[in-house]
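Trainee: Quick one, what's the 3D model for this:
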Amino acid sequence: MEIEYEKVMVAVFTENKIERRKYFNLFALMLKDKILTQIYTRDNAQFETDKFLFKFLPKNMSARGHKAHYVLNLTQNVDFEREFARPITTIHDYLKRDEKWYELFEGLE
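Mentor: Numbers count the residues shown, from 1 in each chain. All right, here's what the predicted structure looks like:
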């Protein structure tokens, strides 16, 4: 049985909560016309477009339970990248086999 994903999940790791707010605002401005829902609270920063779900996480906050097809590590911390800021390979591989998302992988093989 193949898993089908309605949205591509993107985790964006930042250095701290101040940086999280800066990057949240930047991405929200870039995707302004496409945002369907937007949440920004002390513990949760995310927004959705028709195809993507972006979650913004400061690196000192637990990432446990946050699955992602793609991870953007904006911390510039090599150790953090190696140990924590990784997409979950299984769901990334399912996404690669889903015809709905072929554009993401065009020209990569």
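
Trainee: Would you mind pulling the contact partners of the helix ranked longest in the chain?
Mentor: Determined from DSSP state H, the single longest helix within the chain is helix 17-30. By CB atoms under 8 Å, 6 or more residues apart in numbering, the surrounding residues in contact with helix 17-30 are Val12, Thr14, Ile35, Gln38, Tyr40, Ala45, Phe47, Phe54, Phe56, Leu57, Pro58, Leu74. Using the backbone N, CA and C atoms, a C-beta is placed for each residue, glycine as well.

Trainee: which two of these lie the greatest distance from each other?
Mentor: Greatest spatial distance among those (CB to CB): Ile35 and Pro58, at 21.0 Å.

Trainee: Report the buried members of the contacts of helix 17-30.
Mentor: The neighbour-count test (16 or more other CB atoms under 10 Å) marks Val12, Thr14, Ile35, Ala45, Phe47, Phe54, Phe56, Leu57, Pro58, Leu74 as buried among the contacts of helix 17-30.

Trainee: Taking the centroid of the protein, which residue is nearest it?
Mentor: With distances taken as CA atoms, centre = their mean, Val10 lies nearest the centre of the chain, 1.5 Å away.

Trainee: That residue pairs with what?
Mentor: Val10 has these beta-bridge partners by DSSP bridges: Phe54, Tyr70.
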